[in-house]
Every structure is written in structure tokens, then in C-alpha cells.
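Asker: Sequence first, then the predicted structure, then my questions.
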Amino acid sequence: MHEDALLNDTDLDGAGGDDPELEAIKARVREMEEEAEKLKQLQSEVDKQMNMGSPPGLTSPLNMSLEEKMEVDNRSIYVGNVDYGATAEELEQHFHGCGSINRVTILCNKYDGHPKGFAYIEFGDRDSVQTAMAMDESLFRGRQIKVMPKRTNRPGLSTTNRPPRGRGAFRGARGVGRGYYAGYRPMRRPRRGGYFSPY
């Protein structure tokens, strides 16, 4: 009986000894939950800023209508023959005298990430495009750049979804419409295996 009393007493003391440890674990869990809540708030703020775009007047090119894209393109220029080591900041510095710049985009190859050698610059107003045209054939990083107004890509006018033009298309004879000429293709004989066949 005395042993049972000691065992029960040990259990009580053990529970009492775990209590501060349990409280420390609970406090740590509360700290982690508060930290997770702060992270969620920061993430939601970042998401809001990403959806709003850079400055308040700009929207993402992915969710713009054709009219909005045309309006942005009317305020933008194409810059060709850009040095491969050029940065957006350097281009912005080169064109800063033309007007306020909203965005500088240097296009890169999607496979290896290397620049393609041309860029687009979006200005705050249309007048800046005409001012920037004076920079055509100016020197940028030792290269003569080509500056042109940016044209709007219209859906359906892509070079990738057109049928091939073919060489020497047939010019319809006697009023028969124009046909598609695929070119001369010699007939191929099927290859035989590596063995001799009497047939």
C-alpha cells in the first residue's frame, strides 16, 4: 500500500514537472500561429500589389482588352539592335529625356534566358513616342540602335498559324482557281531488311 502511494505521488509530481514544459510548448505554438498570421497578411498585401500592377495606371498585359493594348502600344516604342549586356536601367537612362517611362521590357529567349537583342519602352504619354523617334540610329553601348513605334499584335494575324506559302504556287490556268503546290516529292521505295529475299 505504501508503494502504491509513492507511485501515485510520483505520478502527481511528474504531472506537476511537465506543466511548465507543457506551458512552454503552448507558448511556442501561440508564437508560431501569430507568425503564420503575419505571413498570411504580408502575402495578401503582396498579392494585392501584384494584381494592381506597378503604378496605379498600369494593368498587366495578360488581362487587357485589345483597345487597352492598342492604347499602351501607341505610347510604346520598339528598340532594335540592343546590346545583349544592356539592362533596363541603362535603356531607361538613354531615353529619359524623351518623357516619363512607365516600363522597359528587354525580351529574352525562353529556353536559355539570354536577351534577344531588342526591347520595348512604354512611355507615360503619346508625345514621348515622337520625341523618342529622334533617337533612331543613335549610339547605345557602342551600337547603332533602331527606334520605331511599337505595333499592336492583333489576334489571328500570326505568322505561326498561317498555311505555308510554298514555292512557285500554281497560277491557275483557264480560270481554274489557284491551287496549293506542295513541290516535287519523289516516290520512295520501301527499304528491305538486311537479308536477301527471293521474292
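Answerer: Received, thanks. Residues are numbered from 1 along each chain as shown.
Asker: Going C-terminal from the helix or strand harbouring Thr131, what's the next secondary structure element?
Answerer: Using DSSP states H and E, Thr131 maps to helix 127-133. Downstream of helix 127-133, the first helix or strand assigned by DSSP H and E is strand 139-140.
Asker: Could you please name the strands that following strand pairs with and the direction of each pair?
Answerer: Taking DSSP bridges as the criterion, strand 139-140 forms sheet pairs with strand 143-144 (antiparallel).
Asker: Heading C-terminal from the strand it pairs with, find the next helix or strand.
Answerer: strand 146-149.
Asker: And that next one, what's buried?
Answerer: Within strand 146-149, the residues scored as buried using 16 or more other C-beta atoms under 10 Å are Val147. Any C-beta I mention is one placed from the backbone N, CA and C, and that applies to glycine too.
Asker: which other residues reach that strand?
Answerer: With contact meaning C-beta atoms under 8 Å, 6 or more residues apart in numbering, strand 146-149 is reached by 74, 76-81, 129, 132-133, 135-138.
Asker: in its sheet, what does that strand sit against?
Answerer: strand 76-80 (antiparallel).
Asker: Now the partner strand: buried residues?
Answerer: For strand 76-80, a neighbour-count test (16+ other C-beta under 10 Å) marks Ser76, Ile77, Val79 as buried.
Asker: In TSV, list these along with distance to Ile121.
Answerer: Formatted as TSV, the buried residues of strand 76-80 follow (distance: C-beta to C-beta, whole Å):
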residue	distance to Ile121
Ser76	6
Ile77	5
Val79	6
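Asker: Ile106: which of the residues you listed is nearest?
Answerer: Val79 (9.0 Å; C-beta to C-beta).
Asker: For that closest one, give the beta-bridge partners.
Answerer: Bridge pairing for Val79 - DSSP bridges - gives Ala119, Val147.
Asker: Can you give me the neighbour number for Asp112?
Answerer: 6 (other C-beta atoms under 10 Å).
Asker: ok, now the one 3 residues further on?
Answerer: Using other C-beta under 10 Å, Pro115 is surrounded by 16 other residues.
Asker: pretty sure it contacts Ile106?
Answerer: Yes: applying C-beta atoms under 8 Å, one finds Pro115 in contact with Ile106, separated by 5.5 Å.
Asker: Quick check: neighbours shared by the two?
Answerer: In contact with both Pro115 and Ile106: Val82, Ala86, using C-beta under 8 Å, 6+ apart.
Asker: just to revisit the earlier point, what residues sit buried inside the helix holding Thr131?
Answerer: Ser128, Val129, Ala132.
Asker: And the contacts of that helix?
Answerer: Contacting residues not belonging to helix 127-133 are listed as 74-77, 95, 97-100, 121, 123, 147-149 [C-beta under 8 Å, 6+ apart].
Asker: Out of those, which is nearest to Arg28?
Answerer: Ser100 (50.7 Å).
Asker: What number of residues are in the vicinity of the closest one?
Answerer: Using other C-beta under 10 Å, Ser100 is surrounded by 10 other residues.
Asker: C-terminal to the helix or strand of the chain with the lowest mean pLDDT, what's the next element?
Answerer: None of the helices or strands of the chain scores lower by mean pLDDT, DSSP states H and E than helix 2-52, at a mean of 73. Next helix or strand after helix 2-52 toward the C-terminus (DSSP H and E): helix 66-74.
Asker: Sweet, I'm off.
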